[in-house]
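Novice: structure for the following, please:
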Amino acid sequence: MRKTTTLISSLALAALLQAPVLDAAEHEHAGGHGAGHATQDAAQKPWGVPADAAKATRTVHIRMNDQMRFVPDRLEVKAGETVRLVLHNDGQLLHEFVLGDKAQLDEHAAMMLRQPNMAHTGMDMLHVQPGEEGEVTWTFDRAGTFDFACLIAGHYQAGMVGKVAVMQ
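Specialist: Got it, this is the predicted structure:
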């Protein structure tokens, strides 16, 4: 009986040590990105709010590549505009799209370096597998300049960033 208890305790400890540390401060990390979390993420953010794709007034296609670039890497939208962003991963590497501001993206990028296998569940972020596409629909309801980036470890540091100018 003692050997069984020791084995179970050892296995439980090993599982805990391998589990990723979760950051509950701003975003929850789980098994993947995706829709279906509108209740969790529907709160206003400085760069806007998630929206239903059916309410989009414009669709913008953004390509992600293994040269660590978004094309285009600059967007201009009107305050109040709902935009459907279609993200195409043209590369052979996993890429992601995360909306935010510079300070938030810097902090999150540093966290991703420490925990490179972290996945996200936010409505303003998603992973896109090589050769695939995904969508983020967003209402940019506040004027200002905001950022987007790929926060996969090393991608942000290599310059995989962009800007959204929200005009009055």
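Novice: can you tell me how far the residue at minimal distance from the centre of the chain is from Cys150?
Specialist: Central residue of the chain (C-alpha atoms, centre = their mean): Met125, 2.7 Å from the mean position. Using C-beta to C-beta, to the nearest Å, Met125 is found at 10 Å from Cys150. Using the backbone N, CA and C atoms, a C-beta is placed for each residue, glycine as well.
Novice: please enumerate the helices of the chain.
Specialist: 2-18, 38-41, 102-114 (DSSP state H).
Novice: flag whichever of the ones you listed has the least confidence on average.
Specialist: The weakest mean pLDDT among the helices of the chain belongs to helix 2-18, with a mean of 35.
Novice: list the beta-bridge partners for Met64.
Specialist: In this entry, Met64 is beta-bridged to Phe70, Asn89, by DSSP bridges.
Novice: report pLDDT for it.
Specialist: 98.
Novice: who's in contact with it?
Specialist: By C-beta atoms under 8 Å, 6 or more residues apart in numbering, the residues touching Met64 are 70, 87-91, 95, 97, 128, 150, 160.
Novice: now the residue nearest to the centre of the chain: how far from Lys78?
Specialist: Distance of Met125 to Lys78, given as C-beta to C-beta: 23 Å.
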